[in-house]
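1. Attaching a predicted model along with its sequence, questions to come.
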Amino acid sequence: MSIKHFHIIFITASVLLSIYVAVWGLRSYLAVGRTGDLVLAVVFVVSALALAWYGRRVYFKLRELP
């Protein structure tokens, strides 16, 4: 497996993990009502969006490499 493929897989796994933690924080906030859980959800939603944006840019840049 090349470094290019590993990078794409790693970014995809990071996006999925961020989405999972965001959903977990949101569900915890709805169940308990702690503000920290809502902050956790928002931080990880932003993180997932940033990682997805980064992954898309890297994918198109690495696609040109042999």
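-> Ah, there it is.

2. where does the protein dip in pLDDT?
-> Applying pLDDT under 70 to the chain flags residues 66.

3. Of all residues in it, which one is nearest the centre?
-> Geometric centre of the chain, nearest residue: Val15, 2.4 Å, by CA atoms, centre = their mean.

4. contacting residues around that residue?
-> Listed by CB atoms under 8 Å, 6 or more residues apart in numbering, the contact set of Val15 reads 48, 51-52, 55. All C-beta atoms are positioned from the backbone trio N, CA, C, and that covers glycine.

5. The nearest residue to it once chain neighbours are set aside: which element?
-> Nearest residue to Val15 in three dimensions, chain neighbours excluded: Leu51, at 4.8 Å (CB to CB, 6 or more residues apart in numbering). Using DSSP states H and E, Leu51 maps to helix 35-63.

6. List the buried residues of that helix.
-> Burial within helix 35-63, assessed by neighbour count using 16 or more other CB atoms under 10 Å, is assigned to 37, 40-41, 44-45, 47-48, 51-52, 55.

7. Tell me which other helices or strands that helix touches.
-> helix 3-32 (3 or more CB pairs under 8 Å, 6 or more residues apart in numbering; DSSP states H and E).

8. got the angle between the helix it packs on and helix 35-63?
-> 160 degrees (axes from the mean of the first three to the mean of the last three CA atoms, to 10 degrees).

9. Please compute how far helix 3-32 lies from its chain's middle.
-> For helix 3-32, the separation from the chain centroid amounts to 5 Å (computed by CA atoms, centre = their mean, to the nearest Å).

10. now do stretch 56-66
-> The answer for stretch 56-66 is 19 Å, by CA atoms, centre = their mean.

11. Could you measure from the residue nearest to Leu65 when sequence neighbours are not counted over to Val43?
-> Leaving out its chain neighbours, the residue that sits closest to Leu65 by CB to CB, 6+ apart is Lys4, at 6.3 Å. In this view, Lys4 and Val43 are 29 Å apart by CB to CB, to the nearest Å.
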